[in-house]
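Undergrad: kindly generate the corresponding structure for this input.
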Amino acid sequence: MTERALPPVVARMWGRETASRHGPRPSIDLARIVDAAIGIADSEGLEGVRMSSVAARVGMATMSLYRYVGSKDELLTVMVDAATGEPPALDGRPWRDYLTAWTRANRDLLLDRPWLLSVASRTPPAGPRTLRWLDHALAALDGTGLDFGRRINIATTLTGYAASQASLTHGMVAAAGGDGSIDGLADYGDILGQVLDPQNYPELTAAVEANAFGAAEEWIDDADFTFGLDLLLDGIEALITRGSGARPAGS
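TA: Below is the predicted model of the structure:
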């Protein structure tokens, strides 16, 4: 079976490039370019990352940048891997403890670097760091009896949950005027109370009247995140229990 050639950006991230490039010897390395691009994204957002702006930051002509990355999309792919960092260490923790820490770290990364939300979901993980996150999640579930397909689905689901929670937090902070103040978030419940028709939205109206949205701190600390994560982990535990043939607790 003939091996399929690696996409250039993947080969570059793994140091697997085999064909020599034409032209002068590179004066800087890819890591310096990626660091510059990440710095722009951190300070200006993803909209600030242009081939011209990155080239200017590293002191080179824009066209010269294409000798290192073939396109802006390739640059973004490498940026995601470089900005992701390392996953939490396994340390022999039980699967539930580890996946709790793993999902929280994933969420926190997206809170620190919101621009990752715009690009991380475009392609499946392909770089050394992003694949290490997936590898650690699979390793945490080793011994549970779940096959690799289900373990990959679990990792994908938890990744999606981390992203949705990070997006929600960013959205709530933006709605509060950017400072994340509790008073600003609490206004959400007041707005709902003014627009909801009890006949068409009976349960949501009752929730507003019960001040379910009034405890705005629930939206900016870990209570909401932990509640949803526990639901997912309970589902994984039930899946493991069914697979082992054991009776669920309390049955």
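
Undergrad: pull out the buried residues from the helix or strand containing Arg104.
TA: Using DSSP states H and E, the element containing Arg104 is helix 95-112. Using 16 or more other C-beta atoms under 10 Å as the test for burial, helix 95-112 gives 95-96, 98-107, 109-111. Every C-beta, even on glycine, is put in place using the N, C-alpha and C of the backbone.

Undergrad: and stretch 32-49, by the same measure?
TA: Ile33, Val34, Asp35, Ala36, Ala37, Ile38, Ile40, Ala41, Leu46, Val49.

Undergrad: the first one is in contact with Tyr68, isn't it?
TA: Read it as Ile33. Yes. Because the distance of 5.5 Å satisfies C-beta atoms under 8 Å, Ile33 is recorded as touching Tyr68.

Undergrad: list the buried ones in the longest helix anywhere in the chain?
TA: Assignment by DSSP state H gives helix 148-175 as the longest helix of the chain. Neighbour counts over helix 148-175 (16+ other C-beta under 10 Å) mark 150-151, 154-155, 158-159, 161-163, 165-166, 169, 172-173 as buried.

Undergrad: could I get these as a markdown table with distance to Gly127 and pLDDT?
TA: Output for those, formatted as a markdown table (distance: C-beta to C-beta, whole Å; pLDDT from 0 to 100):
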| residue | distance to Gly127 | pLDDT |
| --- | --- | --- |
| Arg150 | 24 | 96 |
| Arg151 | 20 | 96 |
| Ile154 | 21 | 97 |
| Ala155 | 16 | 97 |
| Leu158 | 19 | 97 |
| Thr159 | 15 | 96 |
| Tyr161 | 22 | 96 |
| Ala162 | 18 | 95 |
| Ala163 | 17 | 94 |
| Gln165 | 23 | 91 |
| Ala166 | 20 | 91 |
| Thr169 | 25 | 82 |
| Met172 | 31 | 70 |
| Val173 | 29 | 68 |
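
Undergrad: Gln194: which of those residues is nearest?
TA: Closest approach to Gln194 among these (C-beta to C-beta): Met172, at 18.7 Å.
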